[in-house]
Each structure stands twice: as C-alpha cells, then as structure tokens.
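S.K.: sharing a sequence plus its predicted fold:
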Amino acid sequence: MWSYYNTLRYFIEFSYNGKNYFGYQIQPDAISVQEELEKALSTILREEIKTTGAGRTDTGVHAKKIFAHFDTEKEVNDQLPRRLNSFLPPDISIKRIFPVKDDFHARFDATYRTYEYYISLEKNPFTQESAWQHWKRTLDIDAMNEACKILFEYEDFTSFAKLKTDNKTNICKIYKAEWEQNGSELKFTVSANRFLRNMVRAIVGTMVEIGTGKLKPEDLRTVIEDKNRNAAGTSAPGHGLYLVDVGYEF
C-alpha cells in the first residue's frame with residue numbers, strides 16, 4: 001500500500017550499456033533508455049512517471065554513472081531499486097534512489113560531467129563492442145596529449161558540436177583532458193561543466209587524426225578557431241564512449 005504526500009522529487013543513480021539503445025532520450029519509433037526507465041517506474045508506482053536525465057547520450061553510448069530525477073506523490077521506499085532492477089532489462093541497472101529538494105534538477109544543477117573513451121590498439125575480439133578498434137595505424141600518444149593542453153585555451157567548441165541542434169550556446173569549460181595507455185588499451189578522460197551533442201566523439205576523432213600524423217597538435221587551434229564542424233575530424237564510434245560521472249552539490 002502506498003502512502004500519499006505532496007509531490008516529492010527523487011534522484012535515481014543508474015548505469016546502462018548503450019548497445020541496444022538510440023541514446024538516453026525518448027525518440028519516436030526508436031528504443032531509448034528513458035523510455036524503458038519511465039515504463040518501469042510507471043508500472044511499479046502505478047502512475048505516469050516522467051524522468052529528466054543529466055544529459056543525452058548518443059546512439060550506442062554507455063553510462064557507468066548517470067542521474068535522472070522524477071516527481072511522484074507517493075513515498076518511495078528502499079525496495080524500489082531492487083524492484084526496478086527486476087523489471088528492467090539486463091543492460092540497465094539502478095544503483096540507488098534518494099529524495100532531493102523539489103527544485104533540484106538532474107540536468108541544470110550538474111556542476112560537471114566526466115566521459116571516458118576507449119581505444120583498442122590491437123585487434124581484440126573481446127572489446128569489439130566496447131572500444132574503438134584502432135590497430136591498423138600507430139598513434140602518437142605524446143602528440144595527442146600535447147593537443148589536450150590546447151583544449152584548455154578555449155571555451156567555444158562550435159567546431160565539435162553536432163550540426164542543427166537546439167544549443168543556445170556552444171561555450172563549455174573543460175577541466176580535464178588526457179590520454180592514458182595501459183598495455184593495448186588507450187583511454188581518453190575529459191571533464192567539463194557541460195558538453196555539446198557529439199562533442200566528445202568529435203574531439204576524439206580529431207585527436208586520432210593528430211595521433212596518426214594527419215594533423216599536428218598545433219593544428220587543433222585552427223580547428224577550434226574556425227568554429228566549423230567540417231574543420232574537425234570524423235566522430236569516433238559511439239560504442240567506445242562512456243559517461244562515468246556527473247557532479248552535484250547535494
């Protein structure tokens with residue numbers, strides 16, 4: 001039996017494997033993580049539940065840690081995560097659900113977001129769906145990290161933005177950007193206050209062009225200053241990208 005209150009707001013911390021989804025956000029005629037989450041919440045809470053996510057991931061992109069909020073008049077108990085996990089498909093996992101202030105917003109109150117991108121430097125049958133298989137050409141990691149330093153010089157990243165979006169501004173403040181190699185695995189970590197749609201994949205694609213020698217590290221300044229998506233490299237495949245953290249001041 002449910003207890004009824006004034007409308008309460010809850011945060012959900014969850015993760016998902018994005019392989020089977022056309023991103024987080026609900027889309028017409030395409031399966032999304034948001035659709036699965038809202039369907040499960042609405043069924044269990046027996047009312048129509050709408051969620052607002054911390055961000056919109058592209059098709060095939062994964063999230064190791066992401067948040068969403070929803071409102072309900074029912075008091076949520078600590079059994080809801082377990083019940084949701086029983087109802088949801090195996091590729092979506094709820095970690096915790098907790099109450100927040102009624103005006104706290106999963107998207108607008110996030111102070112930073114962190115992504116990781118994985119590249120396999122050797123042909124690996126076990127990471128075909130979780131990392132970009134880039135083993136046919138050697139990458140100069142030092143040159144790619146040199147280019148990372150240039151990202152901190154700018155805040156307008158129009159050149160890495162998906163065309164024809166509803167962005168009101170292309171200004172982002174990058175806090176961290178670095179490449180790390182661990183054996184045959186190459187990981188790019190980038191943190192910022194916000195990201196534009198397709199931004200991380202466009203940066204990775206451009207960085208790989210620097211790594212292969214097609215571009216020099218200093219060419220990144222020209223790419224950014226052009227403020228033209230066509231100046232940047234091809235977007236890296238979505239399946240190598242993971243949202244790994246979203247920061248809040250709870």
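M.R.: In hand now; what should we look at? Residues are numbered from 1 along each chain as shown.
S.K.: show the low-confidence segments of this protein, by residue range.
M.R.: 1-5, 164-167 (pLDDT under 70).
S.K.: now the strands for it?
M.R.: 4-16, 51-53, 62-74, 92-100, 112-120, 132-133, 174-182, 185-192, 241-247 (DSSP state E).
S.K.: wait, which of those is closest to Ala231?
M.R.: Relative to Ala231, the nearest member of those by CB to CB is strand 174-182, separated by 18.1 Å. Where C-beta positions appear, they are placed from N, C-alpha and C, glycine not excepted.
S.K.: partner strands of that closest one, parallel or antiparallel?
M.R.: Strand pairing for strand 174-182, determined by DSSP bridges: strand 185-192 (antiparallel).
S.K.: so what touches the strand it pairs with?
M.R.: 112-121, 127, 131, 134, 139, 141, 151, 172-181, 200, 203-204, 207, 245 (CB atoms under 8 Å, 6 or more residues apart in numbering).
S.K.: report the buried residues of it.
M.R.: Judged by neighbour count (16 or more other CB atoms under 10 Å), strand 185-192 contains these buried residues: 186-192.
S.K.: and the angle from that strand to strand 112-120?
M.R.: Inter-element angle recorded for strand 185-192 and strand 112-120: 160 degrees (by axes from the mean of the first three to the mean of the last three CA atoms, to 10 degrees).
S.K.: ends of stretch 18-29, what's the gap?
M.R.: 17 Å (CA to CA, to the nearest Å).
S.K.: give me the residues contacting that stretch.
M.R.: Under CB under 8 Å, 6+ apart, the answer for stretch 18-29 is 30-36, 38, 53, 55-63, 66, 89, 91, 129, 238-239.
S.K.: the residues you listed, buried ones only, as a PyMOL selection?
M.R.: With 16+ other CB under 10 Å as the criterion, this PyMOL line picks the buried residues out of the contacts of stretch 18-29:
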select buried, resi 32+33+34+35+36+38+53+55+56+57+58+60+61+62+63+66+238+239
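S.K.: distance check, the nearest residue to His69 once chain neighbours are set aside against Ile66.
M.R.: Excluding the flanking residues, the one nearest His69 by CB to CB, 6 or more residues apart in numbering is Ala106, at 4.3 Å. Per CB to CB, to the nearest Å, Ala106 is found 9 Å from Ile66.
S.K.: give me the common contacts of those two.
M.R.: With CB under 8 Å, 6+ apart as the test, Ala106 and Ile66 both reach 53-54.
S.K.: out of the contacts of strand 185-192, which end up buried?
M.R.: Restricting the contacts of strand 185-192 to buried positions leaves 112-121, 127, 131, 134, 139, 151, 172, 174, 177, 179, 200, 203-204, 207, 245, with burial counted as 16+ other CB under 10 Å.
S.K.: how about stretch 69-88 as PDB, C-alpha atoms only?
M.R.: C-alpha atoms of stretch 69-88 as PDB (Å, rounded to 0.1, in the frame of the first residue of the first chain):
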ATOM      1  CA  HIS A  69      15.000  12.900 -11.400                       C
ATOM      2  CA  PHE A  70      11.300  12.200 -11.300                       C
ATOM      3  CA  ASP A  71       8.300  13.500  -9.300                       C
ATOM      4  CA  THR A  72       5.700  11.500  -7.500                       C
ATOM      5  CA  GLU A  73       3.000  11.900  -4.800                       C
ATOM      6  CA  LYS A  74       4.000   8.500  -3.300                       C
ATOM      7  CA  GLU A  75       6.600   7.900  -0.700                       C
ATOM      8  CA  VAL A  76       9.400   5.800  -2.300                       C
ATOM      9  CA  ASN A  77      10.900   3.100   0.000                       C
ATOM     10  CA  ASP A  78      14.300   1.500  -0.200                       C
ATOM     11  CA  GLN A  79      12.900  -1.600  -2.000                       C
ATOM     12  CA  LEU A  80      12.200   0.400  -5.200                       C
ATOM     13  CA  PRO A  81      15.800   0.000  -6.700                       C
ATOM     14  CA  ARG A  82      15.500  -3.800  -6.300                       C
ATOM     15  CA  ARG A  83      12.000  -3.900  -7.800                       C
ATOM     16  CA  LEU A  84      13.100  -1.700 -10.700                       C
ATOM     17  CA  ASN A  85      16.100  -3.900 -11.400                       C
ATOM     18  CA  SER A  86      13.800  -6.900 -11.500                       C
ATOM     19  CA  PHE A  87      11.600  -5.200 -14.000                       C
ATOM     20  CA  LEU A  88      14.200  -3.500 -16.200                       C
END
